[in-house]
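J.: model the following, please.
(one chain, ligands or ions: 1)
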Amino acid sequence: MDSGKPSHRGSFGTRLGVILASAGSAVGLGNIWRFPTEVGNNGGAAFILVYFGFVLFLALPVMVCEFLMGRSSRSNTVGAWKVLAPGSPMIVAGYMGILAGVLILSFYSVVAAWTLDYTFMSLTNQLTGDQDYAKIFQTFVSNPWKPLVFLALFLLLTHWIVVRGVERGIERYSKLMMPLLLVIIVVLAVYAAQMPGAEAGLSYLLRPDFSKVTPSVALSAMGQALFSLSVGIGCLTTYASYFRRETRLMSSALSVCLIDTLVAVMSGFIIFPAVFSVSGVGVDAGPGLVFITLPYVFNSAFSTMPVLGYLFSGLFYLLLILAALTSSISMHEITTAFLTDRSVQKNVNKSENYGLPRRRAARIVTLVCILLGTACSLSFGPWKEYTLCGMGVFEWFDYVTAKFCMPLGALMISIFVGWYMPHREVRDQLTNWGTLSVRLYGIFRFLARWVAPLGVAIVFLNELFYGTTK
Ligand code: PFF
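T.: Residues are numbered from 1 along each chain as shown. Reported below is the predicted structural model:
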């Protein structure tokens, strides 16, 4: 456990760096692409309220647990279990984190690849005018090689940042990209709210209809909350292993949740008013929502001022790329750190620790994700026919990780920290060895011991007995 000695593994240099890097992991395609898609598929405002509940009572306490495990063990997601719970079967949560991290990064990069292409198209003015945007999207995603080029490009960009290390790579680029992202999103939200007919979109987001909340909707909201906050697979455990002794775990977690939720809600405020201001466009367009609906919306809404349409769409896709990158580096880091770390414990078998140079570790992760991402990407085109239970590779990766691995990981993490981790260590970590107030400690403990595990279990069981898959 943390001895207070400086770590050889690198660390975040500043408090702002900690918050922006962690918020960078949280804020991503999950907020701007997945959140509106889920809201559209699950009935609007009621889904959002259920989502808020999961953020506050489940994702936030589990995030604090992950921070705690990471800083206490100073190790990656698998190493943390080895250090804190030696010999325990709970280590499977660590390996599941590695697997889920790789799977998410693979399908995530496919959407990021579409975004790269759309940024390019919108900057070169190809997304203007009266065109069939559904067809443009379909033609692009089903092209056998073009999305793959962008996929590789995106993963190489991620690789390039990760290889630079914690402070000079992850922290530096998060500090650069996150403020830019926040400015762009505020500008876009202000614009969208002024579009003609935006009220219908706002009321869709603000008037809940609770009859729409079914077990599957609850499962989707839980999956979305965990996905959006990067919780349950040890991503934040890995980041927290780079935190310093002075970092305040609870207030950092609160800031990250706040930023992430604000960005998700603001994306809703950008997308739905825009969608509703143009008739004939469905809110439940699925993964294509921001790629089919929005170009169409940008053009119709700004038909008299095409320059604004051009600027709006260029900024929007740029926003999406920045958000995707700050998250993809965090997913990449989960496995890179696992392959790079050397044992911090004397009693751990040497052969279990890879201790690879960072460059080589990152290369392995990038390569594996390019291969798996290729399979996901092809499932929109030449491999469209290969489905299992009606879902292709891409959908399976998303389903297994968000609705299975993340909730299960969150369950194990909260049970471990709430019930098994030495009380003293938890308290020391949360109060920075007695230097911070203990006011929120009791609430945290209650949430971690009872609310979070029971919440996950109830949603799981409910879905199992009364829900329908997907
Ligand atoms: N939270 C990210 C998003 O909302 O886009 C996705 C994500 C990042 C999931 C890191 C999991 C993870 F470990």
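
J.: can we go C-alpha only for contacts and neighbour counts from here?
T.: Noted.

J.: ranges for the helices of the stretch 251-400 of the chain?
T.: Along the stretch 251-400 of the chain, counting by DSSP state H, counting those that start in this stretch, helices occupy 294-301, 306-340, 358-378, 393-400.

J.: residues in contact with the third one?
T.: What that stands for is helix 358-378. Identification of contacts with helix 358-378 by Cα atoms under 8 Å, 6 or more residues apart in numbering yields 102-103, 105-107, 109-110, 141-142, 144, 147-148, 151-152, 155-156, 159, 162-163, 165, 332, 335-337, 339-340, 384, 392-394.

J.: and that helix, what's its mean pLDDT?
T.: The average pLDDT within helix 358-378 is 97.

J.: do you know how far V163 is from the ligand?
T.: V163 sits at a distance of 17 Å from the ligand (criterion: Cα to the nearest ligand atom, to the nearest Å).

J.: nearest spatial neighbour of that residue, chain-adjacent residues omitted?
T.: Closest residue in space to V163, ignoring its immediate chain neighbours: R359 at 5.7 Å, by Cα to Cα, 6 or more residues apart in numbering.

J.: any low-confidence regions in the stretch 1-150 of the chain?
T.: Within the stretch 1-150 of the chain, the ranges that satisfy pLDDT under 70 run 1-8.

J.: if we go to 50?
T.: 3-6 (pLDDT under 50).

J.: enumerate the residues of it near the ligand.
T.: 25-31, 101 (Cα under 6 Å from any ligand atom).

J.: is N125 in contact with Y310, as I believe?
T.: Yes - applying Cα atoms under 8 Å as the test, N125 and Y310 come out as touching, 6.9 Å apart.

J.: who has more neighbours, the two?
T.: Between N125 and Y310, Y310 has the larger neighbour count (other Cα atoms under 10 Å), namely 22 against 15.

J.: if I look at that one, how far off is the ligand?
T.: Y310 sits at a distance of 25 Å from the ligand (criterion: Cα to the nearest ligand atom).

J.: next one, pLDDT for that residue please.
T.: 86.

J.: wait, it sits on M121?
T.: No - at 10.4 Å, Y310 does not count as touching M121 under the criterion of Cα under 8 Å.

J.: picking up where we left off before, can you select the buried ones from the contacts of helix 358-378 in PyMOL?
T.: To isolate in PyMOL the members of these that are buried, counting by 16 or more other Cα atoms under 10 Å, one can use:
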select buried, resi 102+103+105+106+107+109+110+141+142+144+147+148+151+152+155+156+159+162+163+165+332+335+336+337+339+340+392+393+394
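
J.: does F291 really touch F137, like I thought?
T.: Yes - with contact defined as Cα under 8 Å, F291 reaches F137; the gap is 6.7 Å.

J.: these two: which is more packed in?
T.: Shown here are F291 and F137; by other Cα under 10 Å, F291 has more neighbours (22 against 16).

J.: check contacts around the more buried one.
T.: 118, 133, 137.

J.: over to F460?
T.: F460 is in contact with L219, counting by Cα under 8 Å, 6+ apart.

J.: need the pLDDT of V256.
T.: pLDDT, V256: 97.

J.: hmm, it is touching A23, no?
T.: Yes - assessed by Cα under 8 Å, V256 is found in contact with A23 at 4.9 Å.

J.: packing partners of the host helix or strand of R424?
T.: Assigned by DSSP states H and E, R424 belongs to helix 423-430. With contacts taken as 3 or more Cα pairs under 8 Å, 6 or more residues apart in numbering; DSSP states H and E, helix 423-430 sits against helix 60-73, helix 249-276.

J.: distance from stretch 406-425 to the middle of the chain?
T.: Its chain's average C-alpha position is 21 Å from that of stretch 406-425, according to Cα atoms, centre = their mean, to the nearest Å.

J.: then it to CSV, C-alphas only?
T.: Output of stretch 406-425 as CSV, limited to C-alpha atoms (Å, rounded to 0.1, in the frame of the first residue of the first chain):
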residue,chain,number,x,y,z
MET,A,406,-19.1,-3.0,-16.4
PRO,A,407,-21.9,-3.7,-14.0
LEU,A,408,-20.3,-6.9,-12.8
GLY,A,409,-17.0,-5.1,-12.3
ALA,A,410,-18.7,-2.3,-10.4
LEU,A,411,-20.4,-4.9,-8.2
MET,A,412,-17.1,-6.6,-7.3
ILE,A,413,-15.3,-3.3,-6.7
SER,A,414,-17.9,-1.9,-4.4
ILE,A,415,-18.3,-5.1,-2.5
PHE,A,416,-14.5,-5.3,-2.0
VAL,A,417,-14.0,-1.7,-0.9
GLY,A,418,-17.2,-1.6,1.1
TRP,A,419,-16.8,-4.9,2.9
TYR,A,420,-13.2,-6.3,2.7
MET,A,421,-10.7,-3.5,2.3
PRO,A,422,-9.3,-2.6,5.7
HIS,A,423,-11.4,0.2,7.2
ARG,A,424,-8.4,2.1,8.2
GLU,A,425,-6.9,2.2,4.8
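
J.: let me know the average pLDDT across that stretch.
T.: Per-residue pLDDT values over stretch 406-425 give a mean of 96.

J.: who touches the residue lying farthest from the centre of the chain in this structure?
T.: In terms of distance from the mean C-alpha position of the chain, T304 ranks first, at 36.7 Å (Cα atoms, centre = their mean). Applying Cα under 8 Å, 6+ apart to T304 gives no contacts.

J.: and if you look at A26?
T.: Counting by Cα under 8 Å, 6+ apart, A26 touches 228-230, 256, 260, 327.

J.: give me the subset of the residues you listed touching the ligand.
T.: Among the contacts of A26, proximity to the ligand is found for 228-230, 327 (Cα under 6 Å from any ligand atom).

J.: columns secondary structure on top of these, output as TSV?
T.: Shown next, in TSV, are the ones next to the ligand among the contacts of A26 (DSSP: H, G, I helix; E, B strand; the rest coil):
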residue	secondary structure
S228	helix
L229	coil
S230	coil
S327	helix
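
J.: quick one: the residue farthest from the centre of the chain from the ligand, how far?
T.: 34 Å.

J.: how close does that residue sit to F298?
T.: Taking Cα to Cα, to the nearest Å as the measure, T304 falls 11 Å from F298.

J.: isn't R9 right up against Y242?
T.: Yes - assessed by Cα under 8 Å, R9 is found in contact with Y242 at 7.4 Å.

J.: fine, thanks again, bye for now.
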